[in-house]
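J.: Compute the structure for the input listed below.
(one chain, ligands or ions: 1)
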Amino acid sequence: MSQGSIPASIPLRNDLVGEEPYGAPQLDVPVRLNVNENPYAPTQEVIDSIVEHVRHAAPELNRYPDREHLTLRAKLAEYLAKESKARLQPEQLWAANGSNEIMLQLFQAFGGPGRTALGFAPTYSMYPEYARDTFTTWTTIPRNDDFSLDLPAALKAIEDIRPAIVLITSPNNPTGTPLNPEQAHALLDKCATVGVEGADESAHPVVVVDEAYIEFRNPGVDSMAPLISQYDHLAVSRTLSKAFAYAGARVGYLAASTAIVDSLRIVRMPYHLSALTQAAALAALEHADTQLAQVEHLRNTRNETAEWLKQQTYRGVPLQVAESQSNFLLFGGSFDDRQAIFDGLLKRGILIRVVGPEGWLRVCMGTDEEMTAFRSGLLETLREVESRK
Ligand SMILES: Cc1ncc(COP(=O)(O)O)c(C=O)c1O
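T.: All right, here's what the predicted structure looks like:
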């Protein structure tokens, strides 16, 4: 029997037969707005600091790295205190190779056969993969039409399903929708009263808030990190990939109670975070202000692009734009052939993403030049596709 590109003689796990590796296309085109990266490269000052930290780490590379990475965890606690007013001890922080690895560790620790993780669709497309890889059942509840959380449905699902993990993305990918503190309290309070299918009867679901894009929020929108001191079942996942412009360094982190962090310490690979990654992460945090310098500009770019998109039309109907607190926008809503619009932009050297519900496309904020190219490319493409039918 064939297993896609893998011959049947290779004993791939039965449930993985026919699966494809996940990943957005990495195409070498002039304007890449498809994977929610920060378009601004690290400054020379930061590059020099990375080199300095790596130079310091290099003579010790014959030794395994600090498994507990406590220096880094202390710096992450300091950053969260400043950024989100969350008062946390270094032991309440945990870092890994991107928040992808953080999330996988959460599923390894709390998921597993007979257990369910509950999410809110549409949402980040990697979650079902973490579930598959850890034999966890992945279940989603649809969001409202404006992509906000359907709180009554969420509370009912928690009671009915008794999930091990309740996973909420804030701001959500691909819609940009934030979670608000009232919703978070309602979910956390509900979880404190329900059990977990397949666990000890005293267990309660872990609420994971994936805040990969939180630094792009407007003033007045909250991070859930300060709630950790009130709720020991809350885990907030973050990353340096987006606002810190550090996607290539692969550094994600988690803030939670020590009980949750200690659970991840059980499943992590020994020495999972290399000495070079730790060095690079320390350099970035030392220059947090420089690294985050473009966040405000990207936030303005998002707000301006959203307004501009709303003024454009497709087949005589104004484009819809989902309310976003992130560095990307989900737009369209009524595209009858979104692939044709994606292809038209790609032909013009602009790569965006076909993701989210039918009729919508997602664009990530680029530099000013890239956004100018996007605007003119989109206008040309919309007129071209309209003229076809
Ligand atoms: C919602 C969300 N969470 C997590 C990640 C993973 O980010 P990283 O592994 O680079 O930290 C992404 C990446 O796009 C994302 O969109």
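
J.: Glu45 contacts Glu286, doesn't it?
T.: No: if you go by C-beta atoms under 8 Å, Glu45 and Glu286 don't touch, sitting 10.1 Å apart. Backbone N, C-alpha and C define where each C-beta goes, glycine included.

J.: Report how many residues lie close to the closest residue in space to Gly349 that isn't next to it in sequence.
T.: Excluding the flanking residues, the one nearest Gly349 by C-beta to C-beta, 6 or more residues apart in numbering is Pro30, at 4.3 Å. The number of residues packed around Pro30, counting by other C-beta atoms under 10 Å, is 11.

J.: how near is Pro30 to Ala86?
T.: When C-beta to C-beta, to the nearest Å is applied, the distance between Pro30 and Ala86 equals 40 Å.

J.: now do Asn62
T.: Counting by C-beta to C-beta, the gap from Asn62 to Ala86 is 37 Å.

J.: Show me which of those two is the more surrounded one.
T.: Neighbours around Asn62 and Ala86, counted as other C-beta under 10 Å, are more numerous at Ala86. The numbers are 21 against 5.

J.: so the more buried one sits right up against Leu80, yeah?
T.: Yes: if you go by C-beta under 8 Å, Ala86 and Leu80 touch, sitting 4.5 Å apart.

J.: between the two, what contacts are shared?
T.: Common neighbours of Ala86 and Leu80, counting by C-beta atoms under 8 Å, 6 or more residues apart in numbering, are Ala225, Ala255.

J.: ok, back up a step: tell me the confidence at the residue nearest to Gly349?
T.: What the model reports for Pro30 is a pLDDT of 95.

J.: Provide a list of residues in contact with it.
T.: For Pro30, the set of contacting residues under the criterion of C-beta under 8 Å, 6+ apart consists of Gly349, Ile350, Ala373.

J.: give me the residue from the protein nearest the ligand.
T.: With C-beta to the nearest ligand atom as the measure, the residue in the chain that lies nearest the ligand is Gly98; the distance is 2.7 Å.

J.: What values do phi and psi take at that residue?
T.: Main-chain torsions, Gly98, degrees, to the nearest 10: phi 80, psi 160.

J.: The longest helix along the chain - contacts with which helices or strands?
T.: Using DSSP state H to define each element, the chain has its longest helix at helix 368-388. For helix 368-388, the packing partners by 3 or more C-beta pairs under 8 Å, 6 or more residues apart in numbering; DSSP states H and E come out as strand 31-32, helix 295-310, strand 313-314, helix 338-347, strand 350-351.

J.: most packed of these?
T.: Mean neighbour counts were taken over the helices and strands packed on helix 368-388 using mean count of other C-beta atoms under 10 Å, and the top value, a mean of 23, falls to strand 350-351.

J.: Give me the sheet partners of it and which way each runs.
T.: Sheet partners assigned to strand 350-351 using DSSP bridges are listed as strand 31-32 (parallel).

J.: Briefly note if the strand it pairs with comes near the ligand.
T.: No: using C-beta under 6 Å from any ligand atom, strand 31-32 stays clear of the ligand, coming no nearer than 13.5 Å.

J.: Following element in sequence after that strand, please.
T.: Read in the C-terminal direction, the helix or strand following strand 31-32 is helix 44-57, with elements assigned using DSSP states H and E.

J.: got the contact list for the helix or strand just after that next one?
T.: Counting by DSSP H and E, the next helix or strand C-terminal to helix 44-57 is helix 70-84. Outside of helix 70-84, the residues within contact range by C-beta under 8 Å, 6+ apart are 86-95, 214-215, 223, 225-226, 238, 253, 255, 273, 278, 281-282, 285-286, 288.

J.: Alright, calling it a day.
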